[in-house]
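Q: Based on what follows, work out the 3D shape:
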Amino acid sequence: MKVNKIVVLQLMMSMVLMLGTASCSKKSSSSHASRATGWDVDSQNGTAARNAGKKQQAGPGLVFVEGGTFTMGKVQDDVMHDWNNTPTQQHVQSFYMDETEVTNGMYLEYLEWLKKVFPPTEENYKNIYEGASPDTLVWRNRLGYNETMTNNYLRHPSYANYPVVGVNWIQAVEFSKWRTDRVNEAVLEKNGYLKKGAKTQEVSAESLFNTETYLASPTTTYGGNEELVLKKNPAGKRPKAGKDGVVPEEHNVYAQRSSGVILPEYRLPTEAEWEYAAAADVGQREYNIYKGQKKYPWSGDYTRSAKRKNKGDQLANFKQGNGDYGGIAGWSDDGADITNSVKSYAPNDFGLYDMAGNVAEWVADVYRPIIDNEANDFNYYRGNQYAKNKIGKDGKIEIVSTTSIKYDTLSNGKVIARNLPGEIAQVPVDEQETYLRQNFSTSDNINYRDGDKQSSRFFDFGDSESGPKADQAMYNSPKHNVTVDSLGKMIRKYDNSSKRTTLIDDKVRVYKGGSWRDRAYWLDPAQRRYFPQDMATDYIGFRCAMSRVGAKTERRKSPRN
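A: Purely as a prediction, here's the structure:
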């Protein structure tokens, strides 16, 4: 019996030790414990660790596009013989993209905001609203009556859900910047980092929210109005005051990138992203000679539906033939004669509408006849111009004021604001960022391997000072010049030189997809064309994209031990 009691006592002690060990183990694996140090990260310095695994939320209007590999530039027809569709294998990271093209209603929201904040009646702001306004005269034709669209297409409510046109590439970029700030302003207010109602207050040009300014210097946001910019406990708990009644600084902070609530910027998609998203090979499960490449954003080689429910219906809005933009009255082929309301046709396998037809779309890339996959086959993009924040004489970042707005006069004479009050002034990167780097050596990389001195047959490798002259450069396009004299009068100088051999320069951008004016040939996602970035048409619109941070896929995977 004695032996049995001793054994029982030993078993009980073992159980107590095991329970204690389990308890310690559970405590050490607390969600607030750092996996690196074991320290409690419920403090300001542990924000990144505490938010580890937090997923990016899709911005308004965006759908997820899972990245992957595809054959870029592979067209099934090349009757134009442009020789600019050489197939290359590319890989695109996951990203988000607008479900539809930017509509008139969306763009008018932008214009109304500009008019409210920068009244066109004030001399200092007179060019901001006008510079952002679409060119409604793109509808006019010497031998056609289109005044109805000229006067009504942008503003009449009947066209509110139609894609905006008459917007040049620069205007599309500026819209994307504005959208970034308004979305993040709403996100920060929702999460308690801005005073409730801050985004709808009586804002003025002197007190604007800018995402990058907020991240770099929160106290200068809204013109330095600290009543609108709030601090918050990073753990999401109610901050507790100390014995002195003051809340410790580490428990009361501004939002940071590590908070996981601020979204990346809205931007134009790259050409590779747009083509990948339009092709939507994710829905192609048959291996064929095109390695899954479809001729159109939908499956099949025809533009009409083969489904029983809507058999024979056109799957996109495009020009059927000479003098045929929509079919016979009473039995319309595609339901439209000009553009059509977004979502009028079925989406592709990514859930994106009108990736063929309706309007062609601007993408971010500068146009070149080749896609240089030997230099890069991952997230390909031509157009990088790296910049950094401008630091003032006082050692602080320089914020654009109402008196330091920069305006660009385009080749056609249109004046556009390229920065707005509240933004951080930008300057090109210099040797401090490029010294001894292998991945880039200059701020402007537009001409890299195609257009720079080394790319020209006139380049003399033995003389660093020599290089192609203006009339001998690889892309010696016309150089139209617009200047303003001392009286403010605009002087336009048209380049009539007979030595120009191309229209390609560093200011022509790629646009993709067929439009209501195009035949089915241009509906192939791999087709590519170019147009000057400061000009607009009645058939080019745009949609925005946003980079994906974190995991490539949204599909759940079982954790690995």
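Q: what about the stretch 301-450 of the chain, any weak spots by pLDDT?
A: Residue ranges of the stretch 301-450 of the chain with pLDDT under 70: 308, 311-312.
Q: in it, which spans are helices?
A: For the stretch 301-450 of the chain, the helices defined by DSSP state H, counting those that start in this stretch cover 431-434.
Q: where exactly do the helices run in the stretch 1-150 of the chain?
A: 2-28, 47-50, 104-117, 126-132, 147-152.
Q: I'd like to know which elements the fourth one is packed against.
A: Helices and strands in packing contact with helix 126-132 are listed as helix 104-117, helix 169-190, strand 415-417; criterion 3 or more Cβ pairs under 8 Å, 6 or more residues apart in numbering; DSSP states H and E. Where C-beta positions appear, they are placed from N, C-alpha and C, glycine not excepted.
Q: Kindly recompute the last result at 7 Å.
A: Other elements packing on helix 126-132 under the criterion 3 or more Cβ pairs under 7 Å, 6 or more residues apart in numbering; DSSP states H and E are helix 104-117, strand 415-417.
Q: Nearest to residue 350, out of these?
A: Distance to residue 350, taken as Cβ to Cβ, is lowest for helix 104-117 among the helices and strands packed on helix 126-132, at 20.2 Å.
Q: and the closest one, which residues are buried?
A: Applying a neighbour-count criterion of 16 or more other Cβ atoms under 10 Å, one finds 104, 106-107, 110-111, 114-115, 117 buried in helix 104-117.
Q: related to what we said a few turns ago, can you flag the weakest of the helices and strands packed on helix 126-132 by average pLDDT?
A: Mean pLDDT across the helices and strands packed on helix 126-132 is lowest at strand 415-417; the value there is a mean of 92.
Q: Note down every partner strand of that strand and its orientation.
A: Strand pairing for strand 415-417, using DSSP bridges, gives strand 407-409 (antiparallel).
Q: circling back: tell me the one among the buried residues of helix 104-117 nearest to residue 325.
A: residue 104 (19.6 Å).
Q: Quick check, the closest one in contact with residue 156.
A: No - Residue 104 is not in contact with residue 156 according to Cβ atoms under 7 Å; the separation is 8.5 Å.
Q: what's around the nearest residue to residue 373 once chain neighbours are set aside, how many residues?
A: Spatial nearest neighbour of residue 373, excluding adjacent residues (Cβ to Cβ, 6 or more residues apart in numbering): residue 88 at 3.9 Å. Residues within reach of residue 88, counting by other Cβ atoms under 10 Å, total 18.
Q: residue ranges with poor pLDDT in this structure?
A: 1-35, 40-53, 202, 234-251, 283-293, 308, 311-312, 460-472, 488, 556-561.
Q: Show me which strand runs longest in it.
A: In the chain, taking DSSP state E as the definition, the longest strand is strand 360-366.
Q: Can you tell me how far the nearest residue in space to residue 495 that is not next to it in sequence is from residue 217?
A: Distance criterion Cβ to Cβ, 6+ apart; nearest residue to residue 495, sequence neighbours excluded, is residue 478 at 4.0 Å. Applying Cβ to Cβ, to the nearest Å, the value for residue 478 to residue 217 is 43 Å.
Q: go on, residue 480?
A: 40 Å.
Q: Then residue 131?
A: Distance of residue 131 to residue 217, given as Cβ to Cβ: 27 Å.
Q: returning to what we had before: so which of the helices and strands packed on helix 126-132 comes closest to residue 268?
A: Residue 268 sits nearest to helix 104-117 of all those, at 14.4 Å, using Cβ to Cβ.
Q: List the contacts of that closest one.
A: Residues outside helix 104-117 that contact it (Cβ atoms under 7 Å, 6 or more residues apart in numbering): 128-129, 132-134, 154-155, 159-162, 164, 175, 178, 203-205, 208.
Q: got the contact list for residue 357?
A: Residue 357 sits next to 316-318, 514-516, 523 when contact means Cβ under 7 Å, 6+ apart.
Q: Neighbour count and distance to residue 122 added to those residues, as a markdown table?
A: Output for the contacts of residue 357, formatted as a markdown table (neighbours: other Cβ atoms under 10 Å; distance: Cβ to Cβ, whole Å):
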| residue | neighbour count | distance to residue 122 |
| --- | --- | --- |
| 316 | 25 | 44 |
| 317 | 27 | 41 |
| 318 | 26 | 44 |
| 514 | 27 | 42 |
| 515 | 28 | 37 |
| 516 | 24 | 38 |
| 523 | 23 | 46 |
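Q: Tabulate these (CSV), appending distance to residue 282.
A: CSV is the format used below for the contacts of residue 357 (distance: Cβ to Cβ, whole Å):
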residue, distance to residue 282
316, 19
317, 24
318, 24
514, 21
515, 25
516, 27
523, 19
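Q: farthest pair in these?
A: Once Cβ to Cβ is applied, those give 516 and 523 as the farthest pair, at 11.3 Å.
Q: which residues are common contacts for those two?
A: Counting by Cβ under 7 Å, 6+ apart, the contacts common to residue 516 and residue 523 are 318, 357.
Q: center of the protein - which residue?
A: residue 267 (1.6 Å; Cα atoms, centre = their mean).
Q: measure that residue to residue 108 for me?
A: Counting by Cβ to Cβ, the separation of residue 267 from residue 108 is 21 Å.
Q: and what of residue 554?
A: Per Cβ to Cβ, residue 554 is found 33 Å from residue 108.
Q: can you check residue 373 too?
A: In terms of Cβ to Cβ, residue 373 sits 40 Å off from residue 108.
Q: do the same with residue 518
A: Relative to residue 108, residue 518 is positioned 26 Å away (criterion: Cβ to Cβ).
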